[in-house]
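> Need coordinates for the following:
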Amino acid sequence: GKSGRGRAEEGKDAGDGGGKGGRSPIEAFVDMEWEMGLELVGTVNMALTTLRKILYGSGLLTPESLKIGGDLLKGVVPGSWEKLYEGDSKPTAYINSIVTKTVALKRWKKEARKGGLLNDCLNLSELFRAGTFLEALRQMSAREQGVAMDSLVLKSSWDARRGISGAKLPIMIEGMLLQGATFNGDNLSEPAANAKEVVAAPPVTIAFVERDGDGTDRDRKGEIGVPVYMTLTREKFLTELKCPCNDGDEGAWILSGCALVLQE
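Numbering: from 1, shown residues only. The predicted model follows:
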């Protein structure tokens, strides 16, 4: 519910990192993600260790432990964990997710420190806060281009050879899933009747560039804006990416409800 300016300011605060050591907004963001992962894994590990001690008679039952144990027996993620990070609704999947992300973020941190992170093909499902990553990328792009963050829009190219005109910091995203369509990188097409609910989307290059001359970012002929959600539940919207389609099919695709998701 925040305004674009509010989100931009939040991203700015996240990216500046207090100016310590001249870190880039991306490096500051990755450091914060890594620290969040460590805190989450530590919190969950401590809670499970405490419950184990209580079960074996060597630990003291507290109201907090009782609440966490009760939630886990009901098959729901404890509220104290969800306050730190809203992830999967099932405890086992939640724990697997935070461990997987934290392990992946160790690699992100190493590459960010070397300055080579944005040269890699990135999977945004490995992040806790993919939206904040995009804001950090927007901030870095604004600095590189010497323009205000508000003047930049997100552009995408599914053709690795063509790239994005005017992009100073293009990055390649992989690992997304497509629901309600098939896509070979050239055009969206109707899925077959017996097709899977979701299919792998091809890698896409994204970049923040200045708006078109008329100050808008309208869909052109032969392309539509496809929403990107964090998961298949479509509860958390991340952004919108333009995808090519056959001329004249734009309206039908908008009504089709096709979407990209970061993870199942």
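
> which stretches of the protein aren't confidently modelled?
In the predicted model of the chain, residues 1-21, 213-220 satisfy pLDDT under 70.

> how about the helices in it?
Taking DSSP state H as the test, the helices found in the chain are 4-16, 25-55, 63-73, 79-84, 91-114, 130-145, 250-256.

> Quick check: which of those helices is buried the most?
Comparing the helices of the chain by mean neighbour count (mean count of other CB atoms under 10 Å), helix 130-145 comes out on top with a mean of 21. (Glycine included, C-beta is placed from N, CA and C.)

> helices or strands next to that one in the packing?
Helix 130-145 sits against helix 4-16, helix 25-55, strand 152-157, strand 204-210, strand 237-244, with contacts defined as 3 or more CB pairs under 8 Å, 6 or more residues apart in numbering; DSSP states H and E.

> For Glu135, which of those is the nearest?
helix 4-16 (2.5 Å; CB to CB).

> Run through the residues that contact Leu73.
If you count contacts by CB atoms under 8 Å, 6 or more residues apart in numbering, Leu73 has none.

> re earlier: would you list the helices of the chain in TSV and tack on distance to Ile206?
Shown next, in TSV, are the helices of the chain (distance: least, CB to CB, whole Å):
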stretch	distance to Ile206
helix 4-16	16
helix 25-55	14
helix 63-73	38
helix 79-84	28
helix 91-114	17
helix 130-145	8
helix 250-256	20
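
> Can you tell me which of those is nearest to Tyr229?
helix 130-145 (10.5 Å).

> What about Ile224, how many residues nearby?
The local packing of Ile224 (other CB atoms under 10 Å) involves 21 other residues.

> please begin residue numbering at 23 from this point
Will do, 23 is the new start, and the previous item becomes Ile246.

> quick one: the strands in the stretch 173-286 of the chain?
With DSSP state E, counting those that start in this stretch as the criterion, the stretch 173-286 of the chain has strands at 174-179, 193-195, 199-201, 204-205, 210-211, 220-222, 226-232, 245-253, 259-266, 281-285.

> Of all the ones you listed, which one is nearest Val99?
Between Val99 and these, the tightest spacing by CB to CB is seen for strand 245-253, at 14.2 Å.

> tilt between that closest one and strand 226-232?
110 degrees (axes from the mean of the first three to the mean of the last three CA atoms, to 10 degrees).

> Tell me how far strand 245-253 lies from the chain's centre.
Relative to its parent chain, strand 245-253 has a centroid offset of 12 Å by CA atoms, centre = their mean, to the nearest Å.

> which outside residues touch that strand?
By CB under 8 Å, 6+ apart, strand 245-253 touches 152, 198, 210, 241, 256-267, 272, 275-276, 280-286.

> Separate out the buried members of those.
152, 198, 210, 260-267, 272, 275, 280-285 (16 or more other CB atoms under 10 Å).

> and the gap between the closest residue to Asp271 other than its chain neighbours and Asn145?
Once flanking residues are discounted, Asp271 sits nearest to Leu210: 7.8 Å by CB to CB, 6 or more residues apart in numbering. Using CB to CB, to the nearest Å, Leu210 is found at 22 Å from Asn145.

> Tell me which of the helices of the chain sits nearest to Asp181.
Taking these one by one with CB to CB, helix 272-278 is closest: 18.7 Å.

> And for Trp180, nearest residue in space, chain neighbours not counted?
Trp180's closest residue in space is Gly207 (CB to CB, 6+ apart), at 4.6 Å.

> actually Ser163, not the one I typed
The shortest distance from Ser163 to any non-neighbouring residue, by CB to CB, 6+ apart, is to Phe230 (3.9 Å).

> was I right about the one you found contacting Glu166?
No. In this structure Phe230 lies outside contact range of Glu166 using CB atoms under 8 Å: 9.3 Å.

> tell me, what's touching those two both at once?
When CB under 8 Å, 6+ apart defines a contact, the residues bordering Phe230 and Glu166 alike are Leu191.

> Specify the beta-bridge partners of the residue nearest to Asp271.
Beta-bridge partners recorded for Leu210 (DSSP bridges): Phe205.
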